[in-house]
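Colleague: Here's my sequence, what's the structure:
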Amino acid sequence: SAPAAVKRGEAMRIFTGAPMPDGADTVFMQEDVRLEGGKVVLPAGLKAGANVRPAGEDIPLGHVALQEGQRLRPQHVALAAAFGLTDLTVVRRLRVAVFSTGNELVSPGEVRAAPQLFDSNRFMLMAMLRRLGCEVSDLGILRDERTALASALQKVAGAHDLILTTGGVSTGEEDHVKAGVEAVGKLVLWRMAIKPGRPVAMGIINGTPLIGLPGNPVASFVTFVHVVRPTVLALSGARQEPLVPLPVRAAFAYKKKIARREYVRVSLRVAGDGAREAVKFPREGAGLLSSLVDTDGLVELGEQVTRVEPGQTVGFLSYASLL
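Modeller: Okay, the predicted model is just below:
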């Protein structure tokens with residue numbers, strides 16, 4: 001039942017979360033007041049309206065609480081629950097088929113011949129897709145045979161929303177993804193001005209989009225962030241929220257070509273003056289998985305940048321912000 005009204009100069013005890021009595025406008029913490037001779041003695045300095053939560057203070061009547069296209073994070077689920085909702089209309093999870101290509105690859109757990117490598121890209125990409133909320137089909141490794149590759153692409157297209165491959169998109173004679181896509185679908189993009197990750201294929205097979213990423217692990221990671229992530233969000237109907245690089249101070253020198261976007265792997269440290277500094281990974285190479293493990297993120301250098309000098313402000317993207 002509603003508490004009784006209070007008059008000017010009166011106080012009433014209530015509990016956390018209880019409705020305010022009519023006539024009351026401020027709440028004092030019980031531990032901050034004391035009783036003297038039947039009167040409540042209040043501390044000085046508290047403003048009128050303190051410790052009160054007016055109805056509608058969070059989201060006023062008529063305002064949007066959850067926008068269409070919002071990726072639901074825990075805080076969004078909490079907000080829906082605060083409205084008393086028991087279900088929300090959502091887009092189903094995207095179904096993504098993933099496979100690697102190349103005779104030089106074997107899956108972990110299989111017998112590896114001396115010149116072969118264990119396939120790491122496929123597992124990295126599947127983990128990244130799951131972080132984006134996708135249902136992933138692991139199609140294993142396809143060998144370098146364009147007819148078999150084309151047949152596999154056509155077979156999975158109808159049952160998936162996106163096909164993602166890694167490897168087989170460079171210009172070598174044994175890289176057959178380009179030919180396989182053109183045999184059963186349409187290729188719309190072949191290369192991008194990005195480093196690491198120049199060879200990137202994009203196509204359509206029976207209405208299903210396909211993205212072919214490079215075989216080098218770091219190039220595959222960077223192009224996933226740059227190409228696959230926004231594609232997954234678009235197919236899911238999610239709003240595209242641009243990545244906002246954090247300004248940090250470069251602790252390295254670097255040269256690059258104009259008209260190409262580059263991503264430099266860096267670790268962050270706090271300098272003596274308290275500023276955040278980006279320290280470049282000491283080795284180059286798009287095949288160094290350790291460069292992704294032992295760093296904190298990427299410095300993004302735009303197309304018009306040609307050099308970086310120590311002390312210059314650069315844009316830093318943490319790995320946590322990229323998924």
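Colleague: contacts, neighbours, all on C-alpha from now
Modeller: Will do.
Colleague: low-scoring pLDDT stretches of the stretch 101-250 of the chain, where are they?
Modeller: For the stretch 101-250 of the chain, the stretches with pLDDT under 70 are 170-175.
Colleague: in it, which spans are strands?
Modeller: Using DSSP state E, counting those that start in this stretch, the strands of the stretch 101-250 of the chain run over residues 105-106, 117-118, 135-142, 162-166, 186-191, 194-195, 199-205, 208-213, 246-250.
Colleague: Can you tell me which of the ones you listed is nearest to residue 31?
Modeller: strand 246-250 (43.1 Å; Cα to Cα).
Colleague: could you dump the strands of the stretch 101-250 of the chain to a markdown table with distance to residue 220 and mean neighbour count?
Modeller: A markdown table is the format used below for the strands of the stretch 101-250 of the chain (distance: least, Cα to Cα, whole Å; neighbours: other Cα atoms under 10 Å):
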| stretch | distance to residue 220 | mean neighbour count |
| --- | --- | --- |
| strand 105-106 | 15 | 20 |
| strand 117-118 | 15 | 15 |
| strand 135-142 | 16 | 17 |
| strand 162-166 | 7 | 25 |
| strand 186-191 | 13 | 16 |
| strand 194-195 | 11 | 20 |
| strand 199-205 | 9 | 23 |
| strand 208-213 | 6 | 24 |
| strand 246-250 | 23 | 19 |
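Colleague: Just send those strands back as TSV, with distance to residue 83 too.
Modeller: Supplementary listing: these in TSV, determined by distance: least, Cα to Cα, whole Å:
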stretch	distance to residue 83
strand 105-106	51
strand 117-118	50
strand 135-142	29
strand 162-166	35
strand 186-191	45
strand 194-195	45
strand 199-205	42
strand 208-213	38
strand 246-250	34
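Colleague: Break this structure into its domains for me.
Modeller: 1-53, 95-235, 246-322 (automatic domain parsing).
Colleague: okay but residue 228 is in contact with residue 209, surely?
Modeller: No. Counting by Cα atoms under 8 Å, residue 228 stays clear of residue 209, with 10.7 Å between them.
Colleague: Nearest to residue 315, out of the strands of the stretch 101-250 of the chain?
Modeller: Taking the strands of the stretch 101-250 of the chain one by one with Cα to Cα, strand 246-250 is closest: 4.8 Å.
Colleague: Please identify the buried residues of stretch 223-243?
Modeller: 223-225, 228-233, 236, 238 (16 or more other Cα atoms under 10 Å).
Colleague: Can you give me the end-to-end span of stretch 248-259?
Modeller: 23 Å (Cα to Cα, to the nearest Å).
Colleague: Centre of the chain to that stretch, how far?
Modeller: Centroid displacement of stretch 248-259 relative to its chain, using Cα atoms, centre = their mean, to the nearest Å, is 24 Å.
Colleague: who touches that stretch?
Modeller: Outside stretch 248-259, the residues within contact range by Cα atoms under 8 Å, 6 or more residues apart in numbering are 193, 262, 275-280, 303-316.
Colleague: Among those residues, name the ones in strands.
Modeller: 262, 276-280, 307-308, 313-316 (DSSP state E).
Colleague: could you dump those to TSV with neighbour count?
Modeller: What follows is the ones in strands among the contacts of stretch 248-259, written out as TSV (neighbours: other Cα atoms under 10 Å):
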residue	neighbour count
262	22
276	17
277	24
278	31
279	21
280	21
307	12
308	17
313	16
314	18
315	17
316	27
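Colleague: between those residues, which is closest to residue 28?
Modeller: For those, the nearest to residue 28 is residue 276 (42.2 Å; Cα to Cα).
Colleague: Just grab the bridge partners of residue 315 for me.
Modeller: residue 247, residue 300 (DSSP bridges).
Colleague: Run through the residues that contact it.
Modeller: Neighbours of residue 315 in contact, by Cα under 8 Å, 6+ apart: 245-248, 299-301.
Colleague: switch to 7 Å and redo it
Modeller: 245-248, 299-300 (Cα atoms under 7 Å, 6 or more residues apart in numbering).
Colleague: Could you dump those into CSV with distance to residue 105 added?
Modeller: Listed next are the contacts of residue 315 as CSV, based on distance: Cα to Cα, whole Å:
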residue, distance to residue 105
245, 35
246, 37
247, 39
248, 39
299, 30
300, 31
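Colleague: closest to residue 184 among these?
Modeller: residue 300 (35.9 Å).
Colleague: how would you label the residue nearest to residue 216 when sequence neighbours are not counted: helix, strand or coil?
Modeller: Nearest non-adjacent residue to residue 216, counting by Cα to Cα, 6 or more residues apart in numbering: residue 287, 4.9 Å away. Per DSSP: H, G, I helix; E, B strand; the rest coil, the local secondary structure of residue 287 is coil.
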